[in-house]
Structures are given as C-alpha cells and as structure tokens.
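> I'll drop the sequence and a predicted model, then ask my questions.
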Amino acid sequence: MVDLEQLVKVSPGEELRLIGTLEPLLEKFQRLHLPGSYADDHNAFVNLIRECMGRKQTLSVSDYEDWLFQESQNEQNFANIISYLRLVTAIQICFEVEKFCHVIPELDPLCPEAWCREEVIPMCAEGDEVHLVALTDVLHVPLQIVIVDISPTEEPNTHIIYESPEALPLVPCVTLLYRPGHYDIIYK
C-alpha cells in the first residue's frame, strides 16, 4: 500500500537522498553499451521529484493527491520515467552481474548488456521480481509484494523485497499486489 498522506510527510531530505542515489549512474551508463537516452529520462525523473517537493509545500493532502493523479496522466512524461527506471535496473544488473547470475540462468556474466537489452529495457518487457530487487538495490525504497493466487490460505503471501535500514529515516513502504503476470500498486 502507498499511504498518500504518509507520502506527503516524507522529508525533503529523503527526496534529495533518492535523487543523490542516482548521481553515480550516468558514469556507469556511459561504460555500458545500452540503448536509451539516459540524460533526458534522468531529468524527467528528477524534475518530477523536485516538482513533488514543491507541490507538497503548497498543497493540501487532497489537492496534492489530485495533482499527482493529473501528473500520472501525462503519458509521455511517465513513459520517460518508466524508461529511466528500466535503465537504472539494467545498469544495476550489469554492474552486479554476479548477484543476479544464479537467478537468471540465461544471463551471460561476460555480456549482461545483451540480456538487459532484451529483457529489461524494452517497454514491452515484463517486469519480474529480479527487476524489482535490482531497482530497490539502487533506490533503497522499501518494497513488499502481496501475492494473490488460488491457494486456500487465510492470509495472502507477502514477500519483502527491500526493508529500510534503521539508519535511514522512516520511509513509506510501497506495496505491490501481484497476480500472475501483473503487478498493481496498492494505495491505502
């Protein structure tokens, strides 16, 4: 679940930390042979975070929710942001290839870029848990998945992908609902 009220209360320091985690990636991107427009997509992501920071200071929680919803309707801007997050994921997989080789049998440790060009970067490529692990390794944003299947259990199966270390300020946890073949963000 994403508690939007809690999201509004996230400190500007956390948002700046998030932007800061992305700074070393340009150099890594330049060393790889990956397609994509890193600078444009990075700027779209950073500009959205900065815009969120400004809007949170001037809008009520409900007005902020409305603004955020309207922003999410800007298909081109969000396509750039999704493209950027895919690049971030690919960069992480390429630079931490040893970590991912055992869970991705077809990942060639000598040329992980080839796998990422086919399985991570294209917008039509399906995201998988390994993609989420790579992304949260970079962003350090708490993430859990609630898995819904046909198992006769009273409680859904919850899988924590990343937990915020004690040293970081309290950051809202993002919860994804997973149904076979599809993830949705759960809003509280």
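It's in.

> okay, now the unreliable bits of this structure?
1-9, 150-151, 166-170, 187-188 (pLDDT under 70).

> name the SS class of the residue nearest the centre of it, please.
Nearest residue to the geometric centre of the chain (Cα atoms, centre = their mean): residue 135, 5.4 Å. Here residue 135 is recorded as helix under DSSP: H, G, I helix; E, B strand; the rest coil.

> do I have it right that it meets residue 91?
No - when contacts are counted by Cβ atoms under 8 Å, residue 135 is not listed as touching residue 91 (10.2 Å). From N, CA and C alone the C-beta is placed, and that goes for glycine too.

> could you pull out the helices for this structure?
Per DSSP state H, the chain carries helices over the ranges 4-8, 12-22, 25-31, 38-58, 61-72, 75-95, 97-101, 112-119, 129-139.

> can you list these in JSON lines and add distance to residue 165?
Below are the helices of the chain laid out as JSON lines (distance: least, Cβ to Cβ, whole Å):
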{"stretch": "helix 4-8", "distance to residue 165": "18"}
{"stretch": "helix 12-22", "distance to residue 165": "12"}
{"stretch": "helix 25-31", "distance to residue 165": "21"}
{"stretch": "helix 38-58", "distance to residue 165": "21"}
{"stretch": "helix 61-72", "distance to residue 165": "27"}
{"stretch": "helix 75-95", "distance to residue 165": "18"}
{"stretch": "helix 97-101", "distance to residue 165": "18"}
{"stretch": "helix 112-119", "distance to residue 165": "27"}
{"stretch": "helix 129-139", "distance to residue 165": "12"}
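
> the residue of the chain positioned farthest from its centre and residue 105, how far apart?
Most distant from the centre of the chain: residue 152, at 30.8 Å, with distances by Cα atoms, centre = their mean. Per Cβ to Cβ, to the nearest Å, residue 152 is found 32 Å from residue 105.
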